[in-house]
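> how does the following fold in three dimensions:
(one chain, ligands or ions: 2)
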Amino acid sequence: MPIKIPDHLPAKEVLINENIFVMEEKVAFHQDIRPLRIAIMNLMPTKETTETQILRLLSNTPLQVEFELLHPATHQSKNTSKEHLNLFYKTFDEVADQQFDGMIITGAPVETMEFEDVTYWNELTRIMEWSKANVTSTLHICWASQAGLYYHFGVPKYPLSDKMFGVFPHRINKANVKLLRGFDEIFMVPQSRHTEVRREDLEGLPGLEILSESEEAGVYIAATTDGRQIFVTGHSEYDPCTLKWEYDRDVGKGMDIAIPHNYYPDNDPAKLPPITWRAHANLLFSNWLNYYVYQETPYDLSELKKQAELLPAAAAQHGRQAAVEAEAYDWGAGI
Ligand SMILES: CC(=O)SCCNC(=O)CCNC(=O)[C@H](O)C(C)(C)COP(=O)(O)OP(=O)(O)OC[C@H]1O[C@@H](n2cnc3c(N)ncnc32)[C@H](O)[C@@H]1OP(=O)(O)O
Ligand SMILES: N[C@@H](CCO)C(=O)O
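Ligands and ions are numbered 1, 2, ... in the order given. Got it, this is the predicted structure:
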């Protein structure tokens, strides 16, 4: 939450320079409040575990959050029961005429397939296209970050010779980014994937920046400069023992899998792993909810669609300058 500071107090300048969120009294006065609406497109086979992990992180905020769980209609789920889906989930078509303040698209164990071979790929591309006009900010996690970068920017993914598996030190690439407010210079993040996106494919893409990386694990967070799309390659939401569960599963299958890096005390799978990433996981989700969703989203969500409609119309009527002006359209002070 922002700190409200009188408009001319000297501390204001100092805190703004430190990337502390300061809200002027006159803006605070105009802020109306309502619960945030977040859609969660859950692509994981282990849906119940993922629901718990994500809701835990979304609940660490003073904001009221209402969520809608979504599953792909074009995929027959093997690992989650029909009863669970019928009771708690909707499909995209059931909410396509609504707008959301935020959306999370989860990872999925399909990273070694071509995107187009994934059963729900066409549906997912419809959702990603729809999100541009109907969601204030979309957070793509792990495989979804690769899918989003591929769909929105044509960025390819590459197979890794060894699974990127463990808890790795990461760094901030750019000063004063709201998503990384309060982060330490070095922080730990779980990674668990067989593929990667590469910095050289992201660099120079207009409107996209790399916000955080790891020497060992590569790109961690990229985002559009307007914050509407955020791509996170790691799994800050993982529970303390998720990597252990994945490791034991793969050992059980007889796979040639290395022990997760920086995870078990003394690198001994018989010892219980300590959690070293929870604080930054909480910070990432609360920063996203606050600065990219709550402070940016219009009080009246139908404004989102109007804004999207305005952009191409302005461009056609008045040329490029009008489109730039439309892009700078004041969405109000958020809710
Ligand atoms: C890179 C990332 O994003 S990491 C996030 C992904 N991580 C995880 O899912 C970890 C947990 N998952 C697992 O451990 C395993 O997938 C298990 C144990 C649940 C099941 O594994 P298996 O029995 O070997 O494979 P199975 O044939 O059941 O398929 C597993 C899942 O792969 C996905 N999948 C496989 N083929 C396809 C396909 N062509 N299109 C879309 N999804 C597919 C599905 O999600 C499927 O599960 P679901 O039908 O319940 O949604
Ligand atoms: N985190 C995933 C990677 C596979 O996509 C797993 O180990 O199941």
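> any idea how many residues pack against the residue in the stretch 1-150 of the chain that ligand 2 sits nearest to?
Taking C-beta to the nearest ligand atom, ligand 2 has its nearest neighbour within the stretch 1-150 of the chain at Pro109, 3.9 Å off. C-beta here means a position set from N, CA and C on the backbone, and glycine is covered the same way. Per other C-beta atoms under 10 Å, the neighbour tally for Pro109 reads 16.
> report pLDDT for the residue in the stretch 1-150 of the chain that ligand 1 sits nearest to.
Relative to ligand 1, the nearest point of the stretch 1-150 of the chain is Gly107 (2.4 Å; C-beta to the nearest ligand atom). The score at Gly107 is 97. That number is its pLDDT.
> likewise for the one 4 residues further on?
pLDDT, the model's per-residue confidence, is 95 for Glu111.
> that one is in contact with Val197, isn't it?
No. Between Glu111 and Val197 there is no contact under C-beta atoms under 8 Å: 10.7 Å.
> pick out whichever of those two has more residues nearby.
Taking neighbours as other C-beta under 10 Å, Glu111 and Val197 compare with Val197 leading, 22 against 19.
> need the distance between the two termini of stretch 154-161.
Stretch 154-161 stretches 23 Å from its first residue to its last (C-alpha to C-alpha, to the nearest Å).
> show me what counts as buried in that stretch.
When burial is assessed from 16 or more other C-beta atoms under 10 Å, stretch 154-161 yields the following buried residues: 155, 157.
> so which residue of the stretch 201-335 of the chain comes closest to ligand 2?
Nearest residue of the stretch 201-335 of the chain to ligand 2: Glu246, at 3.9 Å (C-beta to the nearest ligand atom).
> so what's that residue up against?
Each residue near Glu246 by C-beta atoms under 8 Å, 6 or more residues apart in numbering is listed here: 165, 192.
> in which helix or strand does it reside?
helix 242-252 (DSSP states H and E).
> pull out the buried positions in that helix.
Under the neighbour-count criterion of 16+ other C-beta under 10 Å, helix 242-252 has 242-244, 246-247 buried.
> using CSV, list the CA coordinates for that helix.
C-alpha atoms of helix 242-252 as CSV (Å, rounded to 0.1, in the frame of the first residue of the first chain):
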residue,chain,number,x,y,z
THR,A,242,7.6,-29.1,-4.2
LEU,A,243,11.1,-29.6,-5.7
LYS,A,244,11.6,-32.6,-3.4
TRP,A,245,8.3,-34.1,-4.6
GLU,A,246,9.4,-33.6,-8.2
TYR,A,247,12.9,-35.1,-7.5
ASP,A,248,11.5,-38.1,-5.7
ARG,A,249,8.9,-38.6,-8.5
ASP,A,250,11.6,-38.6,-11.2
VAL,A,251,14.0,-40.8,-9.2
GLY,A,252,11.0,-43.2,-8.7
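> ok now that helix, how far from the chain's centre?
How far helix 242-252 lies from its chain's middle: 25 Å, per C-alpha atoms, centre = their mean, to the nearest Å.
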